[in-house]
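Undergrad: Sequence and predicted model, in that order:
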Amino acid sequence: MAKLVALVSLLLLASGCGRRSPSAELAQLSEEFVDTTLAFSPAAATAAGLHVYRKQNLDEMLDDMSPANLDRQLRYYQGFRGRLDKLNTAQLNAEDRADMILLRDQCGLQILDLSDIQSAAHNPMVYAETLGQALFTPLVLEYAPKADRMGHIIARLRQVRLFLSQAEINLSTAPPVWTELAEGETQANIDMVDKTIRDAVPGNLQDAYSHAAQPALDAMRQYLDFLKNSLSRRTADWRLGDRYSGKFRLAMHSSMEADSVLSEATRDLAAERAHMMEIALPLHAKLAPAHHDHTDLEGDARQNQVIGEVLAHIAERHSTRDSYLDDARKDLAEARAFVRQKHLLTLPAHANLQVVPTPPFERGVYTAGGFDPAPPLEPQLGAFYWVTPIPPQWPDEQANSKLREYNEYMLRLLTLHEAIPGHYVQFELAGEVQPPARRVLRALYGSGPYVEGWAQYSEQMMLEQGYLNDSPELALTFAKQQLRVISNAILDVRLQMLDMSNQEALDFLEKQAFQEPQEAVEKLQRAKATSAQLPTYYVGWTQWNKLRDEIKKAHGASFNLQDFHDRALKEGAVPFEVLRQLLLQAPQQP
């Protein structure tokens, strides 16, 4: 990347330009930003494929969470935003403007967190998840020979005591739910070090590993004790309150306001429930003819009864604890074949996707599943579709609630969302973005609504194309999924800004969005653990549909669905306002 910037500079000088263009300046700033901010977190750098920075081997380092270093990061983001403000944006093209928005909004998010929200002082999950990523990535990502990667783990284990001592110094207060989640994540890290990684260490490194692991395990157990017996007594509120609207605008990469999204989502909630009723009535007449479609009831009460009874019937077709992961793999093969048959988009040429259990330290947030893309700096490496297994210690009632929620149809939708044609295809096609600095910027700091909106839109698109033979059961389950997307946005805004209570949230999710009790509990937990993330699904899904309609209208009879998908995905995760410009100015392929 450095060679590319140097070449651009030489060409400009050779043409008589004594000063670089704003586009060239932005390219250099973008490259610097990616490398510098990744180096702030060696754990994230390894996962992204950046292994050496300024002659330092990042794979052997842990994040420096000292107050002095956090302050240095804040000053960097503030200074970098100032440098962006000096650029002549009028001379930037659409591709440059997309990068400019991402850079500026990422600076804004980091400044807000470091100066105001202060996650390092109040969120113990930051430390548990950072440590988990730092140790897990070298275990599963084959960026170097196994012996070298084990050496990196050993080097990082030697720094765990310092890292967690910084955590104990920094953490002043924390919301109880964050502390509880961090306890589970820390125990998962202990198990990973003491069992999973230990079992994978080659014989000639066992002694070195044991020597490094024991003090690291002692430090993790001490941190766990700190969480349970010290931090748990110093509570704080997880709600952002007045700070939420600012974070919302930055996370959505637009000027839209949270209260406007809440109003739109509330309207769409009623419309989606009515749509579900249309799908459910014929099914209900077959399944429960003696109930006469509950015509003695009215409004929400009738919808809840009719739709609820049909969904309960659908939910009984589900995996077992043991077959859950294998069923997801079968669904993946089915989805890949359908996309190829219908020519819906260009599938990645290589098969680097693995279906694996969600890492234990990530299961507090990824309660159903998730996607971990190949490193943007090393796109040839593996990508992972995570499926969160049913914990063996769960009683049957709790486990069955989860399996009913992620029944045969919902598990299919999860696979479409996270893998094909969802996130996996999305990130693989975005791997073609050039130049490399732009590709990495959009992969690491891209638009959340673009990313999550595509995955949700891709589910809808598959059903529109006749996936699973236009199954009405799948259609109703997808409508429930749409209802979940809408309710996600409502839940997040009302929790963060309008003091929605726990019981109000659970009642809303179960009675308005038809979620199983276990799913509702986990969704509320996730909403408390994150902020301004759950609305990205709804905002992005609506924007993808609006964009397709606009491009289809512009091209008329020549509109080609595969070409639309390919061109939109090959831009990477750019803000919609710029994506619209890029697609409208590009010619449609036959």
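TA: Perfect, thanks for sending it.
Undergrad: ok now do Phe361, which residues does it touch?
TA: 128-129, 131-133, 136, 185, 188-189, 192 (CB atoms under 8 Å, 6 or more residues apart in numbering). (Each C-beta comes from the backbone N, C-alpha and C, glycine too.)
Undergrad: which one of those is nearest Ala265?
TA: Ala265 lies nearest to Glu129 out of those, by CB to CB, at 28.6 Å.
Undergrad: mind listing what that closest one touches?
TA: 185, 361-362.
Undergrad: Could you list the domains of this structure?
TA: Under the assignment automatic domain parsing, the domains of the chain span 21-117, 125-233, 324-579.
Undergrad: out of the contacts of Glu129, who's nearest Trp386?
TA: Nearest to Trp386 out of those is Glu362 (CB to CB; 7.3 Å).
Undergrad: and the closest one, how many neighbours?
TA: 19 (other CB atoms under 10 Å).
Undergrad: State whether it and Phe371 are indeed in contact, as I suppose.
TA: No. Using CB atoms under 8 Å, Glu362 is not in contact with Phe371, being 11.4 Å away.
Undergrad: shared neighbours of those two, which are they?
TA: Trp386.
Undergrad: What is the burial count for the closest residue to Val356 other than its chain neighbours?
TA: Excluding the flanking residues, the one nearest Val356 by CB to CB, 6 or more residues apart in numbering is Phe384, at 5.4 Å. For Phe384, the count of nearby residues is 23 (other CB under 10 Å).
Undergrad: Quick check: beta-bridge partners of Phe384?
TA: When bridges are called by DSSP bridges, Phe384 pairs up with Gln354, Asp372.
Undergrad: ok, it - contacts?
TA: By CB under 8 Å, 6+ apart, the contact list for Phe384 reads 140, 353-356, 371-372.
Undergrad: With Leu181 instead?
TA: Counting by CB under 8 Å, 6+ apart, Leu181 has contacts 125, 364, 525, 529.
Undergrad: Of all pairs in the residues you listed, which one is the farthest apart?
TA: Top of the distance list for the contacts of Leu181 (CB to CB): Met125 and Gln525, 11.5 Å.
Undergrad: And those two? Which one has more around it.
TA: Met125 (25 against 16).
Undergrad: which residues sit in contact with Met256?
TA: Met256 neighbours (CB under 8 Å, 6+ apart): 249, 539.
Undergrad: For it, which three-state class applies?
TA: Put simply, Met256 is coil when judged by DSSP: H, G, I helix; E, B strand; the rest coil.
Undergrad: Would you mind measuring from it to Pro575?
TA: 11 Å (CB to CB, to the nearest Å).
Undergrad: What of Asp194?
TA: Here Asp194 is placed at a distance of 44 Å from Pro575 (CB to CB).
Undergrad: if you count what's nearby, which of the two comes out ahead?
TA: Under the neighbour definition other CB under 10 Å, Asp194 and Pro575 were set side by side, and Pro575 has more, 21 against 15.
Undergrad: Give me the neighbour count for the nearest residue to that one once chain neighbours are set aside.
TA: Spatial nearest neighbour of Pro575, chain neighbours left out: His253 (4.1 Å); criterion: CB to CB, 6+ apart. Counted by other CB under 10 Å, the residues lying close to His253 total 26.
Undergrad: which residues touch His253?
TA: 101-102, 105, 447-449, 575-576.
Undergrad: out of those residues, who's nearest Leu476?
TA: Ranked by distance to Leu476 (CB to CB), these are led by Pro449 at 26.0 Å.
Undergrad: and the closest residue to the closest one other than its chain neighbours, what helix or strand is that in?
TA: Distance criterion CB to CB, 6+ apart; nearest residue to Pro449, sequence neighbours excluded, is Gly540 at 3.4 Å. Taking DSSP states H and E as the definition, Gly540 sits inside helix 535-555.
Undergrad: which parts of the strand or helix carrying Leu441 are buried?
TA: Here Leu441 sits within helix 436-445, counting by DSSP H and E. For helix 436-445, the neighbour count (16 or more other CB atoms under 10 Å) marks 437-445 as buried.
Undergrad: With stretch 453-466 instead?
TA: Using 16+ other CB under 10 Å as the test for burial, stretch 453-466 gives 453-463.
Undergrad: from the chain's centre, how far out does it sit?
TA: Averaging C-alpha positions (CA atoms, centre = their mean, to the nearest Å) puts stretch 453-466 18 Å from its chain's average.
Undergrad: ok, and what's touching that stretch?
TA: Stretch 453-466 has contacts (CB under 8 Å, 6+ apart) with 335, 338-339, 342, 344, 413, 416-418, 421-423, 425-426, 470, 474-475, 478, 481-482, 485, 536-537, 539-545, 548, 561, 565, 569.
Undergrad: now do stretch 418-426
TA: With contact meaning CB under 8 Å, 6+ apart, stretch 418-426 is reached by 332, 335-336, 339, 344-345, 347-348, 353, 355, 369-371, 373, 383, 385-386, 416-417, 451, 454-455, 458-459, 461-462, 565, 569, 573.
Undergrad: And the contacts of Phe384, which two are furthest apart?
TA: Val140 and Phe371 (14.2 Å).
Undergrad: which residues are in contact with both of Met125 and Gln525?
TA: Joint contacts of Met125 and Gln525 (CB under 8 Å, 6+ apart) are 181, 364.
Undergrad: now stretch 209-227: mean pLDDT?
TA: When pLDDT is averaged over stretch 209-227, the result is 98.
Undergrad: Using neighbour counts, pick out the buried residues of it.
TA: Across stretch 209-227, burial judged by 16+ other CB under 10 Å covers 209, 212-213, 216-217, 219-220, 223-224, 226-227.
Undergrad: that older thread, let's see which of the contacts of Glu129 end up in helices.
TA: Applying DSSP state H to the contacts of Glu129, the entries found in helices are Glu185.
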